[in-house]
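**Q** no sequence on this one, just coordinates:
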């Protein structure tokens, strides 16, 4: 069980003042830690892009404490969005809708849409309610790298570029939010997350899967993202031991993220058994990859995860994080294991 920590009033007051002063505040959500700025202050939001090294055309998510403030940010709320908000907010669902006229281009990446989420983490709710406005917040890490699930991850990556870090302990979910957008009466899933396609269908019926040419750009949609600095390869489940043995011959250090223990130990292999439960695997994924990234290895091998929608978000993150995928794996069009 993840311990949910609430902030003291002094911590909240300090963070709110920092936001009002145009500074950055890192804070926990139930998914990952966010790097927040006053969403109505373009200069403050630009500091997010500078701290992360984030491209200017990559939109950020605006966090609100309640759906009742949607009208300040969204030009029109589709009927399907209202239904999804009633079911999943507060929670790990982001909805992309037509932006209101006052929403600045720096928040939307120059698009006519804005991404909105109402997080459920108590500390995020404390901060948002006390601030009384929208907080623009992508994940609190360098662009394209592993998202932070603990406050120390934020400190390690961003250091003094963050004015205030609210420490809420480990995040409950550990993977970024599900993202959907609206096309007329249709709903399209753009990024899988803890709110699954099946759960969404129970609310709105038919669901389109994956971006098309008309879909808005959304966070985490690039082909390479969520990546460790060590080259990482996804390997078919039945081949993980053989690949680890082969690559570690001659003293080459190799790291492995698997769903079980190794069949036999290897002197130069650092092996993490992440287990077979998708919720726990997802919760630990970025922390485990950070551990392996610091192990001094030349390559990280990741055992491919099972099929099924409970693994969809995990598979999405792994495929974007991988520098290569074994040609007998799911993504054979990508680079082949050396």
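**A** On my side now, so go ahead. Quick caveat: nothing in here was measured; it's all calculated off a predicted structure. Numbers count the residues shown, from 1 in each chain.

**Q** which stretches of this protein aren't confidently modelled?
**A** 1-5, 324, 326-338 (pLDDT under 70).

**Q** So which residue is smack in the middle of it?
**A** In the chain, the centroid-proximal residue (C-alpha atoms, centre = their mean) is residue 176; its distance is 2.7 Å.

**Q** what are the ranges of the strands in the stretch 201-338 of the chain?
**A** Taking DSSP state E, counting those that start in this stretch, the strands of the stretch 201-338 of the chain run over residues 208-209, 232-235, 254-258, 269-273, 299-303, 324-325.

**Q** May I see those strands arranged in TSV, with distance to residue 317 as well?
**A** The C-beta positions use only the backbone N, C-alpha and C, and glycine is treated the same way. Formatted as TSV, the strands of the stretch 201-338 of the chain follow (distance: least, C-beta to C-beta, whole Å):
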stretch	distance to residue 317
strand 208-209	17
strand 232-235	11
strand 254-258	12
strand 269-273	16
strand 299-303	10
strand 324-325	13
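
**Q** In contact with the closest residue in space to residue 260 that isn't next to it in sequence: list those residues for me.
**A** In space, and not counting its chain neighbours, residue 260 is closest to residue 273: 5.9 Å by C-beta to C-beta, 6 or more residues apart in numbering. Contacts for residue 273 (C-beta atoms under 8 Å, 6 or more residues apart in numbering) come out as 258-261.

**Q** at 10 Å what do you get?
**A** Going by C-beta atoms under 10 Å, 6 or more residues apart in numbering, residue 273 touches 256-262, 288, 303.

**Q** Likewise for residue 134?
**A** Contacts of residue 134 by C-beta under 10 Å, 6+ apart are 36-40, 61-65, 69, 72-73, 103, 107, 114, 116, 128.

**Q** Let's see which of these end up in strands.
**A** Under the assignment DSSP state E, these contribute 36-38, 61-63, 114, 116 to strands.

**Q** Out of the residues you listed, who's the most crowded?
**A** Neighbour counts for the ones in strands among the contacts of residue 134 (other C-beta atoms under 10 Å) peak at residue 36, which has 34 neighbours.

**Q** if I read this right, that residue contacts residue 26, doesn't it?
**A** Yes - taking C-beta atoms under 10 Å as the definition, residue 36 is a contact partner of residue 26 at 6.9 Å.

**Q** quick revisit: and of the contacts of residue 273, the nearest to residue 137?
**A** Nearest to residue 137 among the contacts of residue 273 is residue 288, at 24.0 Å by C-beta to C-beta.

**Q** Many thanks, I have nothing further to ask.
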